[in-house]
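# Can you look at this prediction? I've put the sequence above it.
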Protein chains: 2
Amino acid sequence: MAKNKNTEQKIFDAATELFVEKGVDRTSVRDIASKAGINLALMNYYFRSKENLFDAIFTNLVQKNTKDLIQILDSDLALPEKIRKYVSAYIDILIDNPLLVSFFMAILHRSREKITEMEVVSNLYGREIFTQQIIEEGKKGNIRKTDPSHFFVDMISMITFPFAIKPLIKHKNELSEEEFNAFIEERKTTIPEMLLKTLQPCE
Amino acid sequence: MAKNKNTEQKIFDAATELFVEKGVDRTSVRDIASKAGINLALMNYYFRSKENLFDAIFTNLVQKNTKDLIQILDSDLALPEKIRKYVSAYIDILIDNPLLVSFFMAILHRSREKITEMEVVSNLYGREIFTQQIIEEGKKGNIRKTDPSHFFVDMISMITFPFAIKPLIKHKNELSEEEFNAFIEERKTTIPEMLLKTLQPCE
DNA sequence: GTCTATACGGCGATAGAC
DNA sequence: GTCTATCGCCGTATAGAC
């Protein structure tokens, strides 16, 4: 467990990078070994199989990237502030890891059933406190009740999806990498504005 | 070209189904041949390679499914009515082909550069007339100008993304297939409402 | 046009020496 | 723990008979 750490980690990191960049199916164990600077057999010594390695990487990626977000949703912040923080933090994560979204989408398509069984994925959805806050806030202003399920889906859709179609957005709007990020940066204010407006009494 | 049609079409249809269902990388040419009820060699006689076959299928899929949508965007309907029709038509397409979205997302991850070069994909984004309408409508009511880029991204995000995470939504809300479709059906009214609200003077 | 047969290379995985 | 060598398998592509 002492010396292992280094090699095991090297394999893990190399595989993570390749999986996210090229996709799981298009990454061979030989690629991984080569990138990690070790031998093919080592890869099977530490992780019994490629699928095993993938499971470990996927779980780790989800955990690492959703921890802060869940904390925000579960905090006792007032709803407007909470939404602004959540959107901003979420977008920051995706700016730092632009391939993460399309990787997750590819995975979702690759193994539809498997993914819902993973507790770590399931956890980021439908947090109790946040759900309650939306219901409360909606009651105040609106005749029609606000459905928290739709609200949450709207929110994560508007945050996440643009990254999935990043190449299209860049191409059609003729944006550089920096300009795309600026476009996304704007959404940190437009998305919360839009969401909060739907909760307000109006017209 | 007479007798071909049948066999070529059989291959094309079998491959389409498998690609969308299992993903391109996890579909073998032997799978396709088997499903089409023909021999492996035939598959190479009609389409030079798997990648070739994929290109044909992908182009066809996009064309078939975006034709009506583009027509709506380019029509002379008033904005509210246009948005309602667009959202409804788009959702109907995705209800009929629930795997389409995650398939496209997987492809986008698989070949990022290639996809923007395909005219057929590029075409569905940023239609002139629709863009103008949003600018005009936004001027009327809002102090802050409405950015049509964000508006369009918001719209397709809210329509499309829920299908990409369909397994998660079903699982967390404990929905059957019918209940999921009902949930989505509700969005035909909630999404246009939300979008139109952002264009209105308010608060 | 459709078939059988097969060459070829890359894949994931393992046995066994050190 | 780390390596070399190799297994059996599968996907792609082609040659050649009918």
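Arrived safely.

# domains in chain A, as residue ranges please.
Residue ranges of the domains in chain A are recorded as A:1-47, A:54-199, according to automatic domain parsing.

# Mean pLDDT, distance to B:Ser102 and mean neighbour count for these - can I get that in TSV?
The C-beta positions use only the backbone N, C-alpha and C, and glycine is treated the same way. As requested, these are exported to TSV (pLDDT from 0 to 100; distance: least, Cβ to Cβ, whole Å; neighbours: other Cβ atoms under 10 Å in any protein chain shown):
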stretch	mean pLDDT	distance to B:Ser102	mean neighbour count
domain A:1-47	92	13	16
domain A:54-199	93	4	17
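
# what angle do the helix or strand containing A:His150 and helix B:148-164 make?
A:His150 is located in helix A:148-164, with elements delineated by DSSP states H and E. For the pair helix A:148-164 and helix B:148-164, the angle between their directions (axes from the mean of the first three to the mean of the last three Cα atoms, to 10 degrees) equals 110 degrees.

# okay, helix A:148-164 in CSV with CA atoms only?
Extracted C-alpha coordinates of helix A:148-164, given in CSV (Å, rounded to 0.1, in the frame of the first residue of the first chain):
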residue,chain,number,x,y,z
PRO,A,148,-40.1,21.9,-7.9
SER,A,149,-39.3,19.1,-10.2
HIS,A,150,-39.6,21.3,-13.2
PHE,A,151,-37.8,24.1,-11.5
PHE,A,152,-34.8,22.0,-10.7
VAL,A,153,-34.8,20.4,-14.2
ASP,A,154,-35.0,23.9,-15.8
MET,A,155,-32.1,25.0,-13.7
ILE,A,156,-29.7,22.2,-14.4
SER,A,157,-30.7,22.1,-18.0
MET,A,158,-29.8,25.8,-18.6
ILE,A,159,-26.5,25.4,-16.7
THR,A,160,-25.3,22.2,-18.1
PHE,A,161,-26.6,21.8,-21.7
PRO,A,162,-24.6,24.7,-23.2
PHE,A,163,-21.4,22.9,-22.4
ALA,A,164,-22.7,19.7,-24.1
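
# Other residues contacting the helix or strand just after that helix?
Counting by DSSP H and E, the element after helix A:148-164 in chain order, helix or strand, is helix A:166-173. Contact partners of helix A:166-173, identified using Cβ atoms under 8 Å, 6 or more residues apart in numbering or on different chains, comprise A:98, A:102, A:162, A:175-177, A:179-180, A:183, B:108, B:112-113, B:115-116, B:121-122, B:125-126, B:149, B:153.

# Tell me if stretch A:10-20 is near chain B.
No - applying Cβ under 8 Å from any Cβ of the partner chain, one finds stretch A:10-20 separated from chain B by no less than 9.2 Å.

# For the one helix or strand A:Pro192 maps to, what is the distance to the chain centroid?
When secondary structure is defined using DSSP H and E, the element that contains A:Pro192 is helix A:177-199. Going by Cα atoms, centre = their mean, to the nearest Å, the spacing between the C-alpha centre of helix A:177-199 and its chain's C-alpha centre is 17 Å.

# and what of stretch A:41-60?
Put simply, stretch A:41-60 sits 21 Å off its chain's centre (Cα atoms, centre = their mean).

# Excluding chain neighbours, what is closest to the most centrally placed residue in chain A?
The C-alpha lying nearest the average C-alpha coordinate of chain A belongs to A:Val101 (Cα atoms, centre = their mean; 5.8 Å). Distances taken as Cβ to Cβ, 6 or more residues apart in numbering or on different chains place A:Phe163 nearest to A:Val101, at 4.1 Å, with adjacent residues excluded.

# Next: A:Arg26.
Closest residue to A:Arg26 in three dimensions, ignoring its sequence neighbours and counting by Cβ to Cβ, 6+ apart: B:Asp25, at 6.2 Å.

# What of A:Glu177?
Spatial nearest neighbour of A:Glu177, excluding adjacent residues (Cβ to Cβ, 6+ apart): A:Lys170 at 7.8 Å.

# Tell me the spacing between A:Pro148 and DNA strand D.
44 Å (Cβ to the nearest atom of the strand, to the nearest Å).

# show me the residues around that residue that make contact.
Each residue near A:Pro148 by Cβ under 8 Å, 6+ apart is listed here: A:130-131, A:134-135, A:138.

# how about a cut-off of 7 Å?
With Cβ atoms under 7 Å, 6 or more residues apart in numbering or on different chains as the criterion, the residues that contact A:Pro148 are A:131, A:134-135.

# pretty sure A:Ala164 is touching A:Leu100, no?
No - the pair A:Ala164 and A:Leu100 fails to qualify as a contact (Cβ atoms under 7 Å) at a distance of 10.0 Å.

# Would you list the phi and psi of the closest residue to A:Phe183 other than its chain neighbours?
The spatially closest residue to A:Phe183, leaving aside those adjacent along the chain, is A:Leu175, at 6.3 Å (Cβ to Cβ, 6+ apart). In terms of degrees, to the nearest 10, the main-chain angles of A:Leu175 are phi -100, psi 140.

# what do you get for A:Ser176?
Per-residue torsions, A:Ser176: phi -80, psi 180 (degrees, to the nearest 10).

# ok, it to A:Ile169 distance?
12 Å (Cβ to Cβ, to the nearest Å).

# swap in A:Thr160?
Plainly put, A:Thr160 is 13 Å away from A:Ile169 if you go by Cβ to Cβ.

# what about the longest helix that chain A contains and DNA strand C, any contact?
Taking residue count as the measure and DSSP state H as the definition, the longest helix of chain A comes out as helix A:50-74. Yes - Helix A:50-74 comes into contact with DNA strand C when judged by Cβ under 7 Å from any atom of the strand, the residues involved being A:50-51.

# Show me what that helix is packed up against.
helix A:4-22, helix A:79-96, helix A:119-122, helix A:128-141 (3 or more Cβ pairs under 7 Å, 6 or more residues apart in numbering or on different chains; DSSP states H and E).

# In JSON lines: these, plus distance to B:Lys145.
JSON lines is the format used below for the helices and strands packed on helix A:50-74 (distance: least, Cβ to Cβ, whole Å):
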{"stretch": "helix A:4-22", "distance to B:Lys145": "37"}
{"stretch": "helix A:79-96", "distance to B:Lys145": "21"}
{"stretch": "helix A:119-122", "distance to B:Lys145": "39"}
{"stretch": "helix A:128-141", "distance to B:Lys145": "25"}
